[in-house]
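**Q** Sequence first, then the predicted structure, then my questions.
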Amino acid sequence: MSWSDERVELLKKMWGEGQSASQIAKELGGVTRNAVIGKVHRLGLSNRNGSGGAAAESTKAKPAAKPAAKPKPKAAAKPAAAPKAEAPKPAEEDKPAAAAPVSRAKQIIPAGQPLPPQPSANEIDPEALAKVSEIEKKAKKLSLMELTERTCKWPVGDPATEDFWFCGLPVQSGKPYCEAHVGVAFQPMSNRRDRKR
DNA sequence: CCCTGATTCGC
DNA sequence: GCGAATCAGG
């Protein structure tokens, strides 16, 4: 497999979206994450930065000195955005960009049964909750069948409604949820019983 | 142990 | 240029 224009483009796109190298590699197929990372570096877009907030990255003591120099400040800007139409892939989820306005259908609770003990709003760490609501905007909104062992299985919304999905963000480790949802899912008992702030 | 990106270096 | 091996971390 070689880095055709299209593959490079997809690489750029996904990398720009913050996808991980392994995910990109998996999507591309025929390459490993190492290959992706290598390519990313060669393309000179290793920085996912974008702001001048010079982050002091330290804690780096490798055997050899590593001057992070950029001898080639070659402006690789892309003024001409003449993108070709995206390939229509089956089972491919594209990002509708700025879509997904918050649906307000959420208050429609169709006389349901007592919903399962939704760990959501109640007596949970407000901070964790904030994190969740924030991250749910970025949720991939997977259906049940789309869940894998690596996707957050946190249910959102009412199962009896259209407005229901699973978070689907990448899980952290062997946990069933993404980081944010782990935060509200696994609250220490001591925290729930007697939480005072 | 799972994962992440970063770097090196033979090809 | 490429990417496996390795490194360094979470």
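**A** Now that the structure is in, tell me what you want to look at.
**Q** Low-confidence ranges, chain A, go.
**A** Applying pLDDT under 70 to chain A flags the ranges A:48-126, A:140, A:173-174, A:187-197.
**Q** Can you spell out the domain ranges of it, please?
**A** Under the assignment the TED database, the domains of chain A span A:5-43, A:126-195.
**Q** how about the first one against DNA strand B, any contact?
**A** So that's domain A:5-43. Yes. Counting by CB under 7 Å from any atom of the strand, DNA strand B is contacted by domain A:5-43 at A:Q19, A:S20, A:A21, A:S22, A:Q23, A:R33, A:N34, A:I37, A:G38, A:V40, A:H41. C-beta: built from backbone N, CA, C; applies to glycine.
**Q** Now render the residues you listed as a markdown table, adding neighbour count.
**A** What follows is the residues of domain A:5-43 next to DNA strand B, written out as a markdown table (neighbours: other CB atoms under 10 Å):
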| residue | neighbour count |
| --- | --- |
| A:Q19 | 18 |
| A:S20 | 14 |
| A:A21 | 20 |
| A:S22 | 14 |
| A:Q23 | 17 |
| A:R33 | 14 |
| A:N34 | 11 |
| A:I37 | 17 |
| A:G38 | 13 |
| A:V40 | 18 |
| A:H41 | 10 |
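**Q** so which pair among these is furthest apart in space?
**A** Taking CB to CB as the measure, the residues of domain A:5-43 next to DNA strand B span a maximum distance of 17.2 Å, between A:Q23 and A:H41.
**Q** that older thread, out of the residues of domain A:5-43 next to DNA strand B, which sit inside helices?
**A** Among the residues of domain A:5-43 next to DNA strand B, DSSP state H puts A:A21, A:S22, A:Q23, A:R33, A:N34, A:I37, A:G38, A:V40, A:H41 in helices.
**Q** Could you find the closest non-adjacent residue to the third one?
**A** Which is A:Q23. A:M14 (7.0 Å; CB to CB, 6 or more residues apart in numbering).
**Q** Tell me where chain A has helices.
**A** Along chain A, counting by DSSP H, helices occupy A:5-16, A:21-28, A:33-42, A:126-136, A:179-185, A:189-193.
**Q** among the ones you listed, which is nearest DNA strand C?
**A** In terms of CB to the nearest atom of the strand, the element of the helices of chain A nearest to DNA strand C is helix A:33-42, at 3.0 Å.
**Q** between the closest one and helix A:5-16, how big is the angle?
**A** Relative orientation of helix A:33-42 and helix A:5-16, computed by axes from the mean of the first three to the mean of the last three CA atoms, to 10 degrees: 90 degrees.
**Q** Please produce a markdown table containing the ones in helices among the residues of domain A:5-43 next to DNA strand B, extended by distance to A:H181.
**A** Listed next are those as a markdown table, based on distance: CB to CB, whole Å:
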| residue | distance to A:H181 |
| --- | --- |
| A:A21 | 24 |
| A:S22 | 21 |
| A:Q23 | 19 |
| A:R33 | 25 |
| A:N34 | 30 |
| A:I37 | 28 |
| A:G38 | 33 |
| A:V40 | 29 |
| A:H41 | 33 |
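**Q** out of the helices of chain A, deepest packed?
**A** helix A:179-185 (a mean of 20; mean count of other CB atoms under 10 Å).
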